[in-house]
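*Asks:* need coordinates for the below:
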Amino acid sequence: MSSGKVIGIDLGTTNSCVAIIENGQPLVIPNSEGGRTTPSVVAFAADGELYVGEVAKRQALTNPRNTIYASKRFIGRRYDEVCHEAELVPFSVKEDRLGRAVLEAEGRDFAPQEIASMILQKMRQTAEDYYGCEITKAVLTVPAYFNDTQRQATKDAGRIAGIEVLRIINEPTAAALAYGLGKKQDARIAVFDLGGGTFDISILHVGEGVFEVLATNGDSHLGGEDFDARIIHWIIQEFQRQTGVDLREDRMAFQRIKEAAEKAKCDLSTSQQTPVTIPFITVTADGPQHLQMSLNQARLEQLVDDLIERTRRPCEQALEDAGLRPQDIDEVLLVGGQTRMLAVQEMVRKVFGAEPKRGVNPDEVVAIGAAIQGGVMAGEVDRMVLLDVIPHTLGVETDGGLCTPLIKRNTTIPTSRSEIFSTAADGLSAVDVKVLQGESKLASDNKLIGHFQLTGIRKAPRGVPQIEVAFDMDTNGILNVSAKDLNTGKEQAIRIETTSGLSEDELLRMEDDAQQASSDGLARKRLMESRNRAERAIFDARKLLDFSGNSLSDEYREKIVRAVGSTETALRSDDAFAIREAADELAEVRKNIGQ
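*Replies:* Residues are numbered from 1 along each chain as shown. Below is the predicted model:
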């Protein structure tokens, strides 16, 4: 039976989290392993088993090529956009025939959306296990600086996972919702969000249930994975300097170094120095080699200084776009695991001149905010209004290959804008309207997100026809563009629902694959449960035989032995029903004899 509940999911680069509104309050739901967050890791085992979360992360060391993590960095992007990130992971990132980035595991190519859908299914299953019913509706979060293609790709991942995505909201905005819920006083909040794969900065005005985003900026190529990569590179270089051995091509060694780098980074959030030790990292002609070195805070800050510095300009730009000065900000909220780094916190102090707030859990606050938005949509949370903005400028290509903006970045949505254009040559009866997204004045440097042609224009000298181009964007970020010849009344329009790069046929196939995988997973779960049940029944029966001694008659002893034999025979098959039936019969025999 399906529930009307709407869950909030933070699909993170490193970890994901699911939350819900219960009795009017947000609640983070622990997963089946007991964790409040779930590693965004998917693994394909040699026996065909699919693992997601903590179990997948634990086996990464012995199965690095078929363990995929940080898939969010590749979602909705072309290979030429992510080739740098592809060098930071031990699994294979490839370019398909359409130029899209795909991830290879077990000899098969997966779209990043497919991998993300597996993580979303895990989040959905976590909520369903908690409530004991089917849950199909969710609010998902994305980095504020994601473009339309990346947002649509995230939405498609939800669709593949069998989730109806009611809304996608920006991660900093979600964090502000969680932090500002119930607060009465007006405040201007800066949300500094440095997660595993992306960096966002959003400036909001919060008060009396109204959350208004004033400006947002960021860097979708900057995150904790880049910090890890610097440490990994330093460890490999240092080991090569000590031993002359280059570990870069050893996938298993790379995975062990990655885990050691992550641990060292976390340790240095609270310690001045930490050892980096990996025994038996490789074997040479001289025998086993052990990696032993130490890393201190000063050295780490030197390694990542330029990465931290890259967060400064987006913060300054967001303040400028919001028309504010650093001293106008009342509170600075830290979101994302990488903000635990002391040098990152120091950068926040330099930019905003204020001590950042630590009153929220940076790993959970985004999911809580998504759950609050879901609660609003489900009628469980009232007296709250969210006014968001578009992160990138929208415009049209004009004469000379220029981009003329119609809706500028950080404009509150919904919004409408129109402008009058004319023809660039004499006697034209049609014009192309190319819709662009981006900040460059050159059309070629921006992203083409829509294209249509207005025909039937009355032929006239250049500059005479009056063509009105109008942009209309709704609260879900859906853009409608129209062009109208004011002389003839001829009009053409297009609804721009950005594609993630996947065709409808591909999406349907992935949905079918996900449903089949879910069914196969359920069948394997039932088989495992039946096997466990049968093995417990056999153990209990044999224990009864051992402890009963001569008190059992030969007739009863023979009944138990026969039932144990039947159960052992059933265990040699893969028939879950037959195994469970044999186990139940054995349990019944044991129960009758006990009585």
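
*Asks:* now the helices for this protein?
*Replies:* Here the chain has its helices, by DSSP state H, at 54-58, 79-86, 112-131, 148-160, 171-180, 224-243, 251-267, 297-309, 312-322, 342-352, 365-377, 504-548, 554-571, 576-594.

*Asks:* partners of the longest strand anywhere in the chain in the sheet?
*Replies:* As assigned by DSSP state E, the longest strand anywhere in the chain is strand 273-284. Using DSSP bridges, the strands paired with strand 273-284 are strand 287-296 (antiparallel).

*Asks:* gap between the residue most central in space within the chain and Thr141?
*Replies:* In the chain, the C-alpha nearest the mean C-alpha coordinate belongs to Leu11, at 3.1 Å (C-alpha atoms, centre = their mean). Distance, Leu11 to Thr141, using C-beta to C-beta, to the nearest Å: 7 Å. C-beta coordinates here come from the backbone N, C-alpha and C atoms, glycine included.

*Asks:* if we can go back for a sec, would you mark the buried spots in the longest strand of the chain?
*Replies:* Neighbour-count burial for strand 273-284, with 16 or more other C-beta atoms under 10 Å as criterion, is recorded at Thr274, Val276, Ile278, Ile281, Thr282.

*Asks:* then stretch 377-392?
*Replies:* Ala378, Glu380, Val381, Met384, Leu386, Leu387, Asp388, Val389, Ile390, Pro391, His392.

*Asks:* over to stretch 459-476?
*Replies:* So stretch 459-476, judged by 16+ other C-beta under 10 Å, has buried residues Ala460, Pro465, Ile467, Val469, Ala470, Phe471, Asp472, Met473.

*Asks:* so the longest strand of the chain versus helix 224-243, what angle?
*Replies:* Computed by axes from the mean of the first three to the mean of the last three C-alpha atoms, to 10 degrees, the angle separating strand 273-284 from helix 224-243 equals 60 degrees.

*Asks:* now strand 273-284 - C-alpha only, PDB.
*Replies:* Extracted in PDB, the C-alpha atoms of strand 273-284 (Å, rounded to 0.1, in the frame of the first residue of the first chain):
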ATOM      1  CA  GLN A 273      49.400  15.800  12.900                       C
ATOM      2  CA  THR A 274      48.400  12.300  11.900                       C
ATOM      3  CA  PRO A 275      50.300   9.100  10.700                       C
ATOM      4  CA  VAL A 276      49.600   7.700   7.300                       C
ATOM      5  CA  THR A 277      50.400   4.000   7.500                       C
ATOM      6  CA  ILE A 278      49.600   1.200   5.000                       C
ATOM      7  CA  PRO A 279      51.300  -2.100   5.500                       C
ATOM      8  CA  PHE A 280      52.200  -4.300   2.500                       C
ATOM      9  CA  ILE A 281      51.200  -1.700   0.000                       C
ATOM     10  CA  THR A 282      53.200  -3.400  -2.700                       C
ATOM     11  CA  VAL A 283      55.900  -6.100  -3.300                       C
ATOM     12  CA  THR A 284      59.200  -5.500  -5.000                       C
END
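
*Asks:* which residues are contacting it?
*Replies:* Contact partners of strand 273-284, identified using C-beta atoms under 8 Å, 6 or more residues apart in numbering, comprise 235, 239, 243, 245, 247, 250, 253, 256-257, 260-261, 263-264, 267-268, 288-297.

*Asks:* the closest residue to Gly35 other than its chain neighbours and Ser573, how far apart?
*Replies:* Nearest residue to Gly35, sequence neighbours excluded (C-beta to C-beta, 6 or more residues apart in numbering): Glu54, at 6.3 Å. Here the distance between Glu54 and Ser573 works out to 31 Å (C-beta to C-beta).

*Asks:* which of these two has more residues huddled nearby?
*Replies:* Between Glu54 and Ser573, counted using other C-beta atoms under 10 Å, the more crowded position is Glu54 (16 against 11).

*Asks:* for the more buried one, give me its contacts.
*Replies:* Contacts of Glu54 (C-beta under 8 Å, 6+ apart): Asn31, Glu33, Gly35, Thr38, Pro39.

*Asks:* pLDDT score for it?
*Replies:* Glu54 is assigned a pLDDT of 93 by the prediction.

*Asks:* quick one: it and Glu309, what's the gap?
*Replies:* On the measure of C-beta to C-beta, Glu54 and Glu309 end up 34 Å apart.

*Asks:* hang on, the earlier thing: the residue nearest to the centre of the chain contacts Arg151, correct?
*Replies:* No - Leu11 is not in contact with Arg151 according to C-beta atoms under 8 Å; the separation is 11.7 Å.

*Asks:* ok, back up a step: most widely separated two among the buried residues of stretch 377-392?
*Replies:* Glu380 and His392 (32.3 Å; C-beta to C-beta).

*Asks:* once you drop chain neighbours, what's closest to Asp513?
*Replies:* Glu114 (7.6 Å).

*Asks:* dump the residue contacts of the one you found.
*Replies:* So Glu114 contacts Ala157, Ile160, Met510, Asp513, Ala514 (C-beta under 8 Å, 6+ apart).

*Asks:* which one among those residues gets closest to Ile368?
*Replies:* Ala157 (20.8 Å).

*Asks:* what is the neighbour count of that closest one?
*Replies:* 31.

*Asks:* list the contacts of the closest residue to Ile467 other than its chain neighbours.
*Replies:* Nearest non-adjacent residue to Ile467, counting by C-beta to C-beta, 6+ apart: Phe421, 4.9 Å away. The contact partners of Phe421, taken as C-beta under 8 Å, 6+ apart, are Val396, Thr398, Thr404, Ile467, Glu468, Val469.
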